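*Asks:* Here is the input, now give the coordinates:
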Amino acid sequence: VREKVCADQLNSFTNVDQCIDYCIGSCPRNLPLYINPSSQQPQLCSKGEANGCPLGYECMQSSPFARVCCKQSPRCPSPESSSFSMGNEALKCSPDHDSCPRGYACTLATNLEHICCSRPLQCPPGLAALREKTVPRVCTIGVPGTCPPDHLCVRGEGQPLANGAASLCCKPEETCAAGASYLGHAQRCTPGDGRCPSGTRCLVSPHSLSKSAVDLIFECCLSTVIVTCPDGTPPLKRRNHALVRCSSSSLSDCPSSFFCDELSDSSFGCCSIPQEECIEAFTQNGAALPCRGNADCPKGSCTRSSDGKHYCCIEKVQLVYDAIN
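*Replies:* Residues are numbered from 1 along each chain as shown. Below is the predicted model:
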């Protein structure tokens, strides 16, 4: 405030508001200024200070002499998602009402406001996008070399990027579980083609032996994993469809026509006593190849042997049980 002793100084003002306006200034682009609730003055900050501003605000130059906390411009949280704009401003919305245009969803922005954001372009389920500085790498389907050898160029799910790109470099990360093939047999598919029936996903087949992404075999896989016994048969269930659980050390957990065995999800359940027994196992390096399911066997099928273990079997014999049993 101007006083007699400094009446002729350049930094003297007639009131506090003039002082604040000149020394502190205002946020660029007329963004809202954060007012400190304790001092009722603009919140000053320093460049590079991590915790100088509250969530939803960022430190901006407001005058030649100061930096203040200004409300961030609303941005979609995902780098591959874009906001729906009206008059150069993101369209605000309420999460309680479906007020966004088709193809957009009401999303919490980086400044804690809700705006309409497009569904982010991402790899299909079971595949992960290759990211470069948090941005997914785009590619052209059918053009070799646009993705690394362990990635596939796949049509993504969601809205195309701002530059029109709709395909991403995706790395297969999930394999279809044993027993989860659609309708019990492999239905081939290509990730991103959208041809798998509802309730299934296009995942790497458990029978695919290639380590090169372009040579992998994909099949339509049930989203809900079906747990099976090692021979592929379903385990015993109760009337409410819950699995009958058991302990491998107990002989009384399962009915007389069942035995406790390890299931495809590594848990234990009651499996039917097999009607066949392996008499010739598939060997690898001179030893019978153990298995947990048919997918583990290069030849033959996963079969219980007389020692109670499971091996890949290429010849079986029909078991005849005593009538008392």
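
*Asks:* which residues does the closest residue to residue 238 other than its chain neighbours contact?
*Replies:* Of all residues not flanking residue 238 in the chain, residue 244 sits nearest, at 6.1 Å (C-beta to C-beta, 6 or more residues apart in numbering). In this view, the C-beta of every residue, glycine as well, is placed from N, C-alpha and C. Neighbour list for residue 244: 235-238, 253-254, 269-270 [criterion: C-beta atoms under 8 Å, 6 or more residues apart in numbering].

*Asks:* what sits against residue 305?
*Replies:* So residue 305 contacts 277-278, 281, 288, 311, 313 (C-beta under 8 Å, 6+ apart).

*Asks:* can you rerun that using 7 Å?
*Replies:* Contacts of residue 305 were listed using C-beta atoms under 7 Å, 6 or more residues apart in numbering, and they are 277-278, 311.

*Asks:* domain ranges for the chain?
*Replies:* Here the domain assignment for the chain is 4-71, 85-118, 127-172, 258-318, based on automatic domain parsing.

*Asks:* which stretch among those comes nearest residue 209?
*Replies:* Set against residue 209 and scored by C-beta to C-beta, those come closest in domain 258-318, at 8.3 Å.

*Asks:* Would you mind checking the average pLDDT for the closest one?
*Replies:* Domain 258-318 carries an average pLDDT of 81.

*Asks:* Against which helices or strands is the helix or strand in which residue 311 is found packed?
*Replies:* Assigned by DSSP states H and E, residue 311 falls within strand 310-318. Other elements packing on strand 310-318 under the criterion 3 or more C-beta pairs under 7 Å, 6 or more residues apart in numbering; DSSP states H and E are strand 276-281, strand 301-304.

*Asks:* What lies in contact with that strand?
*Replies:* Contacts of strand 310-318 with the rest of the structure, by C-beta under 7 Å, 6+ apart, involve 230, 275-282, 288-292, 296-297, 299-305.

*Asks:* In ChimeraX, select just the buried ones from these.
*Replies:* In ChimeraX, this line selects whichever of the contacts of strand 310-318 come out buried by 16 or more other C-beta atoms under 10 Å:
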select :230,278,281,282,288,289,291,296,297,300,301,302,303,304,305
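
*Asks:* Excluding chain neighbours, what is closest to the residue nearest to the spatial centre of the chain?
*Replies:* The structure's the chain has its C-alpha centroid closest to residue 125; by C-alpha atoms, centre = their mean the separation is 7.0 Å. Leaving aside its chain neighbours, residue 125 sits nearest to residue 201 (4.7 Å; criterion: C-beta to C-beta, 6+ apart).

*Asks:* With distance to residue 197 as added columns, please give the domains of the chain in a markdown table.
*Replies:* As requested, the domains of the chain are exported to a markdown table (distance: least, C-beta to C-beta, whole Å):
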| stretch | distance to residue 197 |
| --- | --- |
| domain 4-71 | 43 |
| domain 85-118 | 24 |
| domain 127-172 | 16 |
| domain 258-318 | 21 |
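
*Asks:* Helices of the protein, start to end?
*Replies:* Along the chain, counting by DSSP state H, helices occupy 16-23.

*Asks:* Mean pLDDT per helix and strand in it: which one sits at the bottom?
*Replies:* Lowest on mean pLDDT, DSSP states H and E among the helices and strands of the chain sits helix 16-23, with a mean of 72.
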